[in-house]
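[1] predicted coordinates and the sequence they were generated for:
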Amino acid sequence: MSELRVAVIGVGAMGAFHVDSLAHRVRGARVAVVADADADRAAGVAAGVGARVETDPIAAITADDVDAVVLASPGAAHEKQVLACLEAGRPVLCEKPLTMDEPSALAVVRAEAATGRRLVQVGFMRRFDREYAALRALVESGGIGDPLMLHCVHRNPAVPEHFTSVFAMADSVVHEVDCTRFLLGEEITAVTVLTPRASSASPAGNADPMLVLFETASGRLVDVESFVRTGVGYEVRTELVAERGQATIGLDQNLVLRSAGRWGGSLAPDFVVRFGQAYDTQMQAFVDAAARGTVAGPGAWDGYAAVAVCAAGVQAVTTGRRVEVRLGERP
Ligand code: NAD
């Protein structure tokens, strides 16, 4: 196959970034087809990269001139579209969340297993970030001994009004769920959410910041500070505490400037700046694997586990109780 022909479904903020990545920064692929519920948006994005437009996303997924699919439609559309990819035997990079609830996510896991192939990659791009990859390699090497705890920070400078504590769980804490599973190599078994005094910027009845605690199968503890209205910058940090050392990533130390009597670095304004390299590396890995008829990195089970842990997290933040995670059987 000379160039992988990709259909991109949903070309809002994330999908448009993926189109740009495929067209300008990733080797071995081109955007062949674009589909979006907003026809004008689809036409505009397609024209920029010489792709054609399909109005029906399922027709784009099954088209003869498509080899692989990138799904960046809203989460509620993923289930139907990812199942269509499986039925058509097309490798798919599906943005998180895999689906909106546990039964449908498990149904996707089973549908993929029935194909006998790995066809679903879920867009947990942090696994492709250089710093996260280095931390995982350190854990695997055993260099600082057995990991015991993770301290995670997820801070946004500002978010829209609809960004409630429940929304934050599914939209941003979900990445910490996957990082925990990726770095520690085990499942999360329980979630507790503690809510300190709320920021005056937090909408009434919402917990911002919140402290999310994960327990893992082997008894490790992970704390996540989720604070999405800091007014400061986009900050994602992780400290791993192990038996013989600690390791920290996300210190924003790319450039330390001395000027006009001051000293310091700068914070990324948003996730695209902080994780731009990770999104592109993720896409390159997807394209390389899809050219061989498969996928790379986090798969359907990882997407399902994240949906299940976030569902427990939503229950924990709404009831104030510790909620156990009970995963279905892995096929
Ligand atoms: P967005 O609202 O900017 O874009 C969504 C696009 O999908 C819109 O253009 C909309 O018209 C279109 N659309 C709506 N229904 C559709 C359907 N049924 N079929 C095809 N297109 C449809 O949203 P976004 O921020 O780009 O988010 C898209 C997905 O990407 C979500 O699942 C989101 O969680 C995920 N996302 C992931 C990350 C990450 O860090 N991995 C970051 C941002 C968004």
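    Received it, and whenever you're ready, just let me know what you need. Residues are numbered from 1 along each chain as shown.
[2] how deep is the residue of the stretch 1-150 of the chain found nearest the ligand tucked in, by neighbour count?
    Closest to the ligand within the stretch 1-150 of the chain is residue 12: 1.8 Å, counting by C-beta to the nearest ligand atom. For the C-beta atoms, the positions are set from N, CA and C on the backbone; glycine is no exception. Residues contacting residue 12 under the criterion other C-beta atoms under 10 Å number 15.
[3] just the one 4 residues further on next, same as before
    Other residues lying near residue 16 total 19 when counted by other C-beta under 10 Å.
[4] wait, residue 180 touches residue 222, no?
    Yes - Residue 180 is within contact range of residue 222, at 5.0 Å (criterion: C-beta atoms under 8 Å).
[5] give the bridge partners for residue 8, please.
    residue 34, residue 70 (DSSP bridges).
[6] can you give me every residue that contacts it?
    Applying C-beta atoms under 8 Å, 6 or more residues apart in numbering to residue 8 gives the contacts 15, 18-19, 22, 31, 33-35, 45, 51, 69-70, 72.
[7] ok, and the most crowded of the residues you listed?
    Most surrounded of those: other C-beta under 10 Å gives residue 70, at 30 neighbours.
[8] surely that one is in contact with residue 5?
    No - counting by C-beta under 8 Å, residue 70 stays clear of residue 5, with 11.6 Å between them.
[9] close to the ligand: what parts of the stretch 101-250 of the chain are there?
    Counting by C-beta under 6 Å from any ligand atom, the stretch 101-250 of the chain comes close to the ligand at 123, 125.
[10] show me where the stretch 1-150 of the chain has helices.
    For the stretch 1-150 of the chain, helices defined by DSSP state H, counting those that start in this stretch occupy the ranges 13-24, 39-49, 57-62, 75-88, 102-115, 130-141.
[11] buried set for the fifth one?
    Just to be clear, that refers to helix 102-115. Residues 102, 104-109, 111-112 are the ones in helix 102-115 that count as buried (16 or more other C-beta atoms under 10 Å).
[12] which pLDDT value goes with residue 253?
    Residue 253 is assigned a pLDDT of 79 by the prediction.
[13] how close does it get to the ligand?
    Distance, residue 253 to the ligand, by C-beta to the nearest ligand atom, to the nearest Å: 22 Å.
[14] quick one: contacts for that residue?
    Taking C-beta under 8 Å, 6+ apart, we find residue 253 in contact with residue 265.
[15] helix, strand or coil for it?
    coil (DSSP: H, G, I helix; E, B strand; the rest coil).
[16] which residue lies nearest the spatial centre of the chain?
    Nearest residue to the geometric centre of the chain (C-alpha atoms, centre = their mean): residue 124, 3.1 Å.
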